[in-house]
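Undergrad: need the 3D shape of this:
(one chain, ligands or ions: 1)
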Amino acid sequence: MPCEAASRFLILYGSQRGQAQSLAEEICQQAAEHGFTADISCLSNQHNYNLDEIRPVVFVVSTTGDGDPPDTAQKFVRKIKNKSLPHDHFSHLRYALLALGDTNYANFCNGGKTIDSRLQQLGAKHFYATGHADDGTGLEIVVDPWIEGLWDALKKTFPSMATSDQQDAVLSDSTQDSFHKTASGQEKNKSDLEVDLHLLKLSEADSQKGKGIESDSRDVETVSAVLVASLKQSVPPLSQSALNVPALPASYLEVRLEQVSTEGEKVPSDKDGYHEVSISKAVQLTQDDAVKTAILLELDISEQNLVYQPGDAFDILCPNRASEVEELLLRLDLQTWKNCAVQVNLLKNSSKKAAKVPLHIPQNGSLQFILTWCLGIRSAPKKAFVRALVDFTQNGSEKRRLLELCSKEGSADYNSFVRDANVCLLDLLRAFPSCLPPLSLLFEHLPKLQPRAYSSASSSLQLPGKVHLVFNVVEFPARPEHPARTGLCTGWLAGHVSSILRRLGTVLASERPGTSALPKVHVRPRPSSTFHLPADPSVPVVMVGPGTGVAPFIGFLQQREKEREVNREATFGEMWLFFGCRHKDKDFLFREELERFVHNGTLSHLIVCFSRDEPDAAGTVSTPTYVQHNLRLHAKNVASILLKDKGCLYVCGDAKNMAKDVNDTLLEIIGNELQIDKLDAMKTVAGLREEKRYLQDIWS
Ligand code: FAD
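TA: Residues are numbered from 1 along each chain as shown. Down below sits the predicted model:
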């Protein structure tokens, strides 16, 4: 192989929300430090790369929806799934794959697994073991050692690709070896950036200086703070450790602000398929003293002719909080520039590979508009962003702490004080007052502000031209790292509809505004490929939807109620609903409507539980607390519907706890019913998923 070809490899990423892309870019960035040349491309840009070339390929692939490859990888997947491809189509291909997923969701890492298994079927071989990174516990737990081990695996692979007869032996060696050694932490990468102790000394000097001028009470505070780690401060051993920090991400954007009028700016809309619709009704479904506030919205979608089926969701565009945008502008000294038009260009001579101006930042939008509608300013800054902020921080102790937070040694602190605490850029800027990043850095690192999805809670058969959505107002209590706040979209929606909000069973206190004065929102249908009622109405269904997870089932039941009305002769399968909430009298969502469904025979069984109500007066009966307890009580029926009657099980709502508990209970039910062990029960459940008879619509 010619010299450069001997070290040139290709990185392909399939990204849904930018995570896989930024990891692919990180690999690309690190490649040069390890003596490699990397080309990088999104899987969707098929004209950019050629998989017939003989060189190693590194795939980084995320997962979306119900275990699907990201939208940007769909075309590639369709192409490699082409049945006419011969079984040795990729026999020349040596590749490594980093799959990203979240164990809170079904089909963990399935986007990557789909590509991985198909490449294998077509004769491609791993030169390095596949990494499966879990966003539920922290991607970096797998990602960091995986990338660390990649370089050795590549080193072994290049010569092996030149001498193909030794290939397989070397390939399997490098695959096993490099990943396990580095994952167990025994082999450190010598060329990692070592940050020496002069920063630590700087930070000590700073704190000594501080002690000299501060009052006694401050001294006490400082001493106690030393003992407890926080966002701002570490404790030994981290505070005294040498640090391995990620390479400084190459800057690649140039931002110019121009004094021109940007009046009349509109919310980003039509081009992404969004429609502005009126909110014709807003009803608070819970009592004032309920732990969570649930709100139902009725959207008037008649003018836009938007269609949906029960089970589909709608994406809602929401802005960042005006107060947070203002504070950010103030903090960055950009207040006077907020109405200026922003021009973003690629920096000449940037070393970043395949740099592109982010598509979600419009040219000539005002600064305020971009910070309000385009950038996810609430998102937790990634380690690469934290690393980049260091270079714009003056104070030595602050610099040191930021370096710790993005270092390998500081991973636990990053997870506790940034990721799990959902710290955003503004929280970091509050905690590190000497940090003053330029606007270009924000544009490079802040992700796109994502819409939020809400399941339809109605059927257009029953509610033509309208759709109902229901949501809980998410509340985050104050933490040392940030003040109390509400969820970005749900908090905004709650305020946005306050003029028309009424309590359940009441009329609007003041006069209802005319249509033109109704609050508006930008929405886009988000159809589900699988989460629908069975095409054959005689198939029985079991629905599990506690809290707002009941939303799609209200749509299912409205649909079935109408179908029963218009087609009295047809056979309809049983419908079971397992619902749960905290208190019968405070947050039993859609109670009256559900009772009507039972009364008119649409819903065969409504099984409810209340997790915070006292047990029955006698206190003798152990009442079921959660939906899975009721499932267990009705195990025979559930098993019979799924195993004998070929029915369907739908689960909707909280991904973190409920969906897992329901899944475990299902394994137990099936295991007991069929008298099989857990492994076989898992296979049976996997079969149900495959047949689209066990369907989940879950979120965290
Ligand atoms: P965000 O600000 O995005 O915060 C949400 C999450 O971020 C929290 O759950 C938490 O994990 C984390 N977080 C953010 N800040 C903090 C902090 N300071 N401290 C701790 N954690 C924090 N929701 C419904 O209520 N009803 C539905 O019908 C519904 N349907 C959905 C359908 C689909 C297909 C999907 C994908 C999601 C659905 N969701 C539904 C969830 C919904 O999209 C939103 O995620 C949810 O409403 C929260 O949005 P938010 O912007 O208010 O919260």
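Undergrad: please make it C-alpha for all contacts and neighbour counts, starting now.
TA: Will do.
Undergrad: for the residue in the stretch 101-250 of the chain positioned nearest to the ligand, which three-state class applies?
TA: Closest approach between the stretch 101-250 of the chain and the ligand, counting by CA to the nearest ligand atom: residue 136, at 10.1 Å. Per DSSP: H, G, I helix; E, B strand; the rest coil, the local secondary structure of residue 136 is coil.
Undergrad: all strands for the stretch 201-350 of the chain, in order.
TA: In the stretch 201-350 of the chain, the strands defined using DSSP state E, counting those that start in this stretch lie at 243-244, 253-258, 275-284, 294-300, 313-316, 341-346.
Undergrad: between those strands, which one is nearest to the ligand?
TA: strand 313-316 (5.8 Å).
Undergrad: apart from its chain neighbours, what residue comes closest to the residue of the stretch 101-250 of the chain closest to the ligand?
TA: residue 102 (5.0 Å; CA to CA, 6 or more residues apart in numbering).
Undergrad: give me the neighbour count for the one you found.
TA: Neighbour count of residue 102, defined by other CA atoms under 10 Å: 22.
Undergrad: quickly note the distance from it to residue 393.
TA: In this view, residue 102 and residue 393 are 33 Å apart by CA to CA, to the nearest Å.
Undergrad: correct me if wrong: the residue nearest to residue 136 contacts residue 135.
TA: Yes - contact criterion CA atoms under 8 Å: residue 102 and residue 135 qualify, at 4.8 Å.
Undergrad: pLDDT at the residue of the stretch 101-250 of the chain closest to the ligand, what is it?
TA: Predicted confidence (pLDDT) for residue 136: 79.
Undergrad: contacting residues around it?
TA: Going by CA atoms under 8 Å, 6 or more residues apart in numbering, residue 136 touches 102, 103, 104.
Undergrad: which residues are in contact with the first one?
TA: Put plainly, it is residue 102. Neighbours of residue 102 in contact, by CA under 8 Å, 6+ apart: 108, 109, 133, 134, 135, 136.
Undergrad: which phi and psi does the first one have?
TA: Comment: the main-chain dihedrals of residue 108 come out as phi -50, psi 130, following degrees, to the nearest 10.
Undergrad: what count of nearby residues applies to it?
TA: Neighbours around residue 108, by other CA under 10 Å: 22.
Undergrad: ok, it touching residue 67?
TA: Yes - taking CA under 8 Å as the definition, residue 108 is a contact partner of residue 67 at 6.7 Å.
Undergrad: which positions in this structure make contact with the ligand?
TA: 313, 421-422, 452-455, 470-472, 474, 476, 487-491, 548, 551, 699-700 (CA under 6 Å from any ligand atom).
Undergrad: please report how far residue 671 lies from the ligand.
TA: 30 Å (CA to the nearest ligand atom, to the nearest Å).
Undergrad: which strand or helix spans that residue?
TA: helix 658-674 (DSSP states H and E).
Undergrad: buried ones in that helix?
TA: 658-663, 665-672 (16 or more other CA atoms under 10 Å).
Undergrad: so what does the residue of the stretch 101-250 of the chain closest to the ligand look like in phi/psi?
TA: Dihedral angles (degrees, to the nearest 10) for residue 136: phi -70, psi -30.
Undergrad: what's the longest helix along the chain packed up against?
TA: Ranked by residue count under DSSP state H, the longest helix found in the chain is helix 140-162. Contacts defined by 3 or more CA pairs under 8 Å, 6 or more residues apart in numbering; DSSP states H and E place helix 140-162 against strand 131-134, helix 167-183.
Undergrad: mean pLDDT lowest for which of those?
TA: Across those, helix 167-183 gives the lowest mean pLDDT, at a mean of 33.
Undergrad: low-confidence ranges, the stretch 451-600 of the chain, go.
TA: Scanning the stretch 451-600 of the chain for pLDDT under 70 picks out 507-513, 515-516.
Undergrad: please repeat the previous calculation with a cut-off of 80.
TA: Applying pLDDT under 80 to the stretch 451-600 of the chain flags the ranges 505-516.
Undergrad: and the chain, by the same measure?
TA: In the chain (pLDDT under 80), the answer is 1-6, 17, 65-66, 104-106, 136-138, 160-227, 260-272, 505-516, 614-623, 700.
Undergrad: do that again at 50, thanks
TA: 1-2, 164-226 (pLDDT under 50).
Undergrad: show me the contacts for the closest residue in space to residue 112 that isn't next to it in sequence.
TA: Using CA to CA, 6+ apart and skipping the chain neighbours, the partner closest in space to residue 112 is residue 99 (4.6 Å). By CA under 8 Å, 6+ apart, the contact list for residue 99 reads 60-63, 109-113, 130-133.
Undergrad: now the two most distant members of the contacts of residue 102.
TA: Maximum pairwise distance in the contacts of residue 102, criterion CA to CA, is 11.5 Å, between 109 and 136.
Undergrad: now the helix or strand the residue nearest to residue 112 falls within against helix 140-162, angle please.
TA: Element membership for residue 99 (DSSP H and E) is strand 94-101. Using axes from the mean of the first three to the mean of the last three CA atoms, to 10 degrees, the direction of strand 94-101 lies 170 degrees away from that of helix 140-162.
Undergrad: and strand 94-101, which residues are buried?
TA: Applying 16+ other CA under 10 Å to strand 94-101 flags 94, 95, 96, 97, 98, 99, 100, 101 as buried.
Undergrad: that strand pairs with which strands, parallel or anti?
TA: Strand pairing for strand 94-101, determined by DSSP bridges: strand 57-61 (parallel), strand 125-126 (parallel), strand 131-134 (parallel).
Undergrad: most tightly packed of the ones you listed?
TA: strand 57-61 (a mean of 28; mean count of other CA atoms under 10 Å).
Undergrad: so after that one, what's the next helix or strand?
TA: Assignment by DSSP H and E places the next element after strand 57-61 at helix 71-80.
Undergrad: can you name every helix or strand that that next one contacts?
TA: Against helix 71-80 (3+ CA pairs under 8 Å, 6+ apart) you get strand 8-14, helix 110-121.
Undergrad: most tightly packed of the ones you listed?
TA: strand 8-14 (a mean of 24).
Undergrad: CA atoms of the next helix or strand along the chain from that strand as CSV?
TA: Using DSSP H and E, the helix or strand that follows strand 8-14 towards the C-terminus is helix 19-33. What follows is helix 19-33, C-alpha atoms only, in CSV (Å, rounded to 0.1, in the frame of the first residue of the first chain):
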residue,chain,number,x,y,z
GLN,A,19,-24.8,12.6,18.9
ALA,A,20,-23.3,10.0,16.4
GLN,A,21,-22.1,12.8,14.2
SER,A,22,-20.2,14.5,17.0
LEU,A,23,-18.6,11.3,18.1
ALA,A,24,-17.6,10.5,14.5
GLU,A,25,-16.1,14.0,14.3
GLU,A,26,-14.3,13.4,17.6
ILE,A,27,-12.8,10.2,16.1
CYS,A,28,-11.9,12.1,13.0
GLN,A,29,-10.2,14.8,15.1
GLN,A,30,-8.2,12.3,17.1
ALA,A,31,-7.2,10.3,14.1
ALA,A,32,-4.5,12.8,13.1
GLU,A,33,-3.0,12.7,16.6
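Undergrad: mind checking how far stretch 385-398 is from the chain centre?
TA: 27 Å (CA atoms, centre = their mean, to the nearest Å).
Undergrad: which of the residues in it are buried?
TA: 385, 386, 387, 388, 389, 390, 393, 395, 396, 397, 398.
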